[in-house]
Structure formats: structure tokens, C-alpha cells
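> next come a sequence and a model predicted from it.
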Amino acid sequence: MGRYRRNDPASESVARDRVLESLRGLLAAAASRRGRDTRRTGELSFAQIRLAARLHEQGAMTGMRLAEAAHLSPSAASEMLDGLERAGVVCRATAEADRRSRVFSLSPEGARVVEEKLRGFRAEVAEALAGCTDAELAAAARVIDRLTEMFARR
């Protein structure tokens, strides 16, 4: 891939087009992977892992807070939490501060499953990004953050 010259509108347009094409590819690959994950009998889906990973990272929380942290609608999170509870991955308890609310946490088995999935995912990411410099990764993170903000506004 060539270098893009700063303040050159034609070069910036090519660079933006390249980012958009890469984004399309990333989103398509992620959707395909999510689809494969949901077809594996007995396996947690990509979305379920994402939800459980928030509990792993941030600890016990209400369903509403968990939905926000996982970027899911409350109804989607509630449905997933019901399934995760049936699978023994999460535990549900009544919130002490507000007895009307429910607090969710990972079960010991859920923590094991999430840790295993995250370890595997991090290894895949490390392999995919091997050879990238810290400066390249920081620039990529800034671009991804800006695109995330753009999608969040719509």
C-alpha cells in the first residue's frame, strides 16, 4: 500500500475509500463469524460471549447496565441473560439497593468459559497484528474509535 500525502484531497479520498473498503470487509467477516458461532450446538454465540465478557471485565451489574456495556438493547440482553442463566453461565440475584432490580454475575463455569474464549480471541488478534508497530496500532485504534462514534450517533 502506498503512502498518502497530507493535505492532498485526491490522496485523502483514496485513503478514506480504502478505510471504508476495509471496514466493509471487517464487518462482513465479523457477521459471517457470528453466523457460524450461532450454528454450533451447545456453544455460546458471539453476542452471548460479548455479554458475558462484560461481566468478566466489570463484575456483577444490573441487566440494564449490562445491556448498555455490551451495546445491546435491554430486550436482547434480557433474552440472552435468560439463556446464559439456563446454561449455567450467569447467576441472577436481587439487587440489595433496589429490590426490584436483578444483578447478574458470572458463575465459576461461566468465568472459565469466558476466560477460555477471550484467551483464544486474544491469541488470534496477536497473530493477525504481528508485525504492526505500536504507532500503526495506535493510528488504527483512533480510526476505529472515530467510526464507532459515527455509528453510535446514527
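Cool, the structure landed. Please read these numbers as outputs of a predicted model, since none were measured by experiment.

> other SSEs contacting the longest helix along the chain?
Criterion DSSP state H: the longest helix present in the chain is helix 9-38. Judged by 3 or more CB pairs under 8 Å, 6 or more residues apart in numbering; DSSP states H and E, helix 9-38 is in contact with helix 46-58, helix 134-153. From N, CA and C alone the C-beta is placed, and that goes for glycine too.

> list the buried ones in it?
Buried positions in helix 9-38, judged by neighbour count with 16 or more other CB atoms under 10 Å: residue 15.

> now that helix: mean pLDDT?
The average pLDDT within helix 9-38 is 77.

> specify the angle between it and helix 134-153 in degrees.
Helix 9-38 runs at 80 degrees relative to helix 134-153, counting by axes from the mean of the first three to the mean of the last three CA atoms, to 10 degrees.

> roughly how far is helix 9-38 from the heart of the chain?
Relative to its parent chain, helix 9-38 has a centroid offset of 16 Å by CA atoms, centre = their mean, to the nearest Å.

> stretch 54-67 too?
In terms of CA atoms, centre = their mean, the centre of stretch 54-67 is set 14 Å apart from its chain centre.

> output it as CSV - backbone C-alpha positions only.
The C-alpha coordinates for stretch 54-67 follow below in CSV (Å, rounded to 0.1, in the frame of the first residue of the first chain):
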residue,chain,number,x,y,z
ARG,A,54,-18.6,-7.5,30.2
LEU,A,55,-19.4,-9.3,33.4
HIS,A,56,-16.0,-10.8,33.4
GLU,A,57,-14.3,-7.4,32.9
GLN,A,58,-16.6,-5.2,35.1
GLY,A,59,-18.1,-7.6,37.6
ALA,A,60,-21.7,-8.0,38.7
MET,A,61,-24.2,-5.5,37.4
THR,A,62,-27.9,-5.0,36.6
GLY,A,63,-29.3,-6.2,33.3
MET,A,64,-29.9,-2.6,32.2
ARG,A,65,-26.3,-1.6,32.9
LEU,A,66,-25.0,-4.8,31.3
ALA,A,67,-27.1,-4.1,28.1
